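Visitor: Next comes the sequence, and after it the predicted model I'd like to discuss.
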Amino acid sequence: MLYERWRQIVKENRNELALCEVASGQQWTFGQLDAAAESAATATDAIVYPRGISAEFIFAVLHAWRAGKVVCPLEVGQAPLQLSKLPPGCVHFKTTSGTTGGPRVIAFTAEQLMADAENIVATMGLRRDWPNLGVISLAHSYGFSNLVTPLLLQGIPVILSDPPLPEAVRRAATTADHLTLPAVPALWRAWHEANAIPANLRLAISAGAPLPLPLEQAVFDSTGVKLHNFYGASECGGIAYDTSTRPRSDAASVGVPMRNVQLSVNQDGCLEVRSRAVGETYWPERQPNLNAGVYSTSDLVELRDGQVFLRGRASDLINTAGRKVSPETIERVLLTHPNVRACLVFGAPSHEAERTEIIVACIAAKSNVTADSLRDFLLSRLPAWQVPREWFFVESLKSDQRGKLSRAEWRRRYLERAQRR
């Protein structure tokens with residue numbers, strides 16, 4: 001089904017530019033990509049593992065589709081899966097980032113991959129005359145769904161640029177008249193500070209981590225570019241998208257539901273997603289939260305006035321003195337402080353009482369700032385019991401290659417430092 005859809009895209013766009021690889025200077029029309037896929041040797045392994053941000057990744061996907069093999073994108077250096085059998089009817093595996101536990105594999109059918117691509121192109125308004133500039137990982141669900149499947153199943157061209165350094169982005173932007181650029185907040189911040197956001201950018205998308213309001217506003221004020229917040233999950237693809245033309249006023253807002261996606265809130269206050277794009281199952285161990293076209297997330301949400309508001313994750317709630325607070329609530333306020341570049345809030349064991357935690361704020365500052373000044377800043381904006389007791393200042397809060405920050409990792413570093421002291 002996937003390869004048949006690709007051949008239809010080729011028929012409609014044979015002589016149009018499909019793929020450009022800036023690093024090598026090579027480019028391919030849809031017809032040339034198709035010829036390469038048709039002439040390649042048939043894949044023999046049951047699972048094909050595309051890697052890297054390169055044309056070879058795209059070729060590997062097409063070769064697998066042509067041979068009827070399962071595709072499992074991997075990050076560079078990531079080990080192949082060790083599976084004794086494959087789920088029937090599934091053609092694609094995603095490996096999760098494991099933010100709420102160990103990494104898991106999610107299996108998808110061809111119909112589910114196609115549905116997500118359709119939803120993304122229709123909701124975001126991706127256009128064939130606005131090529132995607134590819135700087136994010138093609139192996140991650142975000143990159144595969146926003147770059148690879150729109151190219152192969154919807155005919156949206158891709159310009160590959162690696163690494164995503166400011167100068168590389170400037171150079172890549174000269175290869176097209178108009179661009180769409182999906183990225184993560186850390187990259188948008190780096191490009192903004194380097195004055196490297198392309199002038200020919202027509203659609204800017206941010207996902208993978210919360211988009212701070214000050215960054216969104218600063219980019220808009222300096223360039224006129226609106227960063228469109230995108231919220232999704234590996235298990236179900238796109239969930240919500242900010243379609244507005246001006247910066248948001250509420251950091252909790254992640255936009256409106258994607259086309260053909262139905263959202264509801266379960267009895268625990270967590271979001272449930274229903275759509276044709278929801279994955280088939282976790283594999284090899286099935287889980288009840290992903291079943292029969294429904295994905296039950298651990299994201300606490302509010303659905304109001306047609307919009308989706310994130311209120312934290314059930315698994316991240318901090319239990320302090322018998323009351324629970326979402327770390328995101330505190331982080332959103334901290335990020336409005338002019339001297340806070342990045343922050344991460346988490347709970348740590350309290351030595352004063354069992355089964356309770358203290359709130360710790362990990363801070364990467366733009367300039368000198370003290371714990372007392374940040375505490376006073378929060379006290380004027382939050383209840384006193386939500387103000388962190390401990391402050392952990394670091395030079396930078398580095399995201400992983402998927403643009404995410406790990407609370408568990410920074411909590412471990414904080415506890416190790418506390419033990420040494």
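Guide: Alright, I've got the coordinates.

Visitor: Just the helices from the stretch 251-400 of the chain, written as ranges.
Guide: With helices called from DSSP state H, counting those that start in this stretch, the stretch 251-400 of the chain shows them at 327-334, 371-379.

Visitor: Revised request: answer the last question for the stretch 51-200 of the chain.
Guide: Using DSSP H, counting those that start in this stretch, helices in the stretch 51-200 of the chain cover 55-67, 110-124, 141-143, 149-154, 166-173, 185-193.

Visitor: Out of the ones you listed, which one sits most buried?
Guide: Highest mean neighbour count of these: helix 141-143, a mean of 25 (counted as mean count of other Cβ atoms under 10 Å). Using the backbone N, CA and C atoms, a C-beta is placed for each residue, glycine as well.

Visitor: Confidence-wise, which of the helices of the stretch 251-400 of the chain is weakest overall?
Guide: Mean pLDDT is lowest for helix 327-334 among the helices of the stretch 251-400 of the chain, at a mean of 93.

Visitor: Can you lay out the helices of the stretch 51-200 of the chain as JSON lines showing mean pLDDT and distance to residue 22?
Guide: Below are the helices of the stretch 51-200 of the chain laid out as JSON lines (pLDDT from 0 to 100; distance: least, Cβ to Cβ, whole Å):
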{"stretch": "helix 55-67", "mean pLDDT": "95", "distance to residue 22": "11"}
{"stretch": "helix 110-124", "mean pLDDT": "98", "distance to residue 22": "23"}
{"stretch": "helix 141-143", "mean pLDDT": "95", "distance to residue 22": "16"}
{"stretch": "helix 149-154", "mean pLDDT": "98", "distance to residue 22": "16"}
{"stretch": "helix 166-173", "mean pLDDT": "95", "distance to residue 22": "5"}
{"stretch": "helix 185-193", "mean pLDDT": "94", "distance to residue 22": "16"}
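
Visitor: Save the ones you listed as JSON lines, and put in distance to residue 133 too.
Guide: As requested, the helices of the stretch 51-200 of the chain are arranged in JSON lines below (distance: least, Cβ to Cβ, whole Å):
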{"stretch": "helix 55-67", "distance to residue 133": "15"}
{"stretch": "helix 110-124", "distance to residue 133": "14"}
{"stretch": "helix 141-143", "distance to residue 133": "12"}
{"stretch": "helix 149-154", "distance to residue 133": "12"}
{"stretch": "helix 166-173", "distance to residue 133": "6"}
{"stretch": "helix 185-193", "distance to residue 133": "11"}
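
Visitor: which stretch among the ones you listed comes nearest residue 306?
Guide: The closest of the helices of the stretch 51-200 of the chain to residue 306 is helix 110-124. By Cβ to Cβ, the value is 13.7 Å.

Visitor: what's in contact with that closest one?
Guide: Residues outside helix 110-124 that contact it (Cβ atoms under 8 Å, 6 or more residues apart in numbering) are 1-2, 5, 91-92, 126, 145-146, 149-150, 153-154, 156, 180, 203, 205, 228, 230, 236-238, 241, 243, 258-261, 275-280.

Visitor: now the angle between helix 55-67 and it, please.
Guide: 130 degrees (axes from the mean of the first three to the mean of the last three Cα atoms, to 10 degrees).
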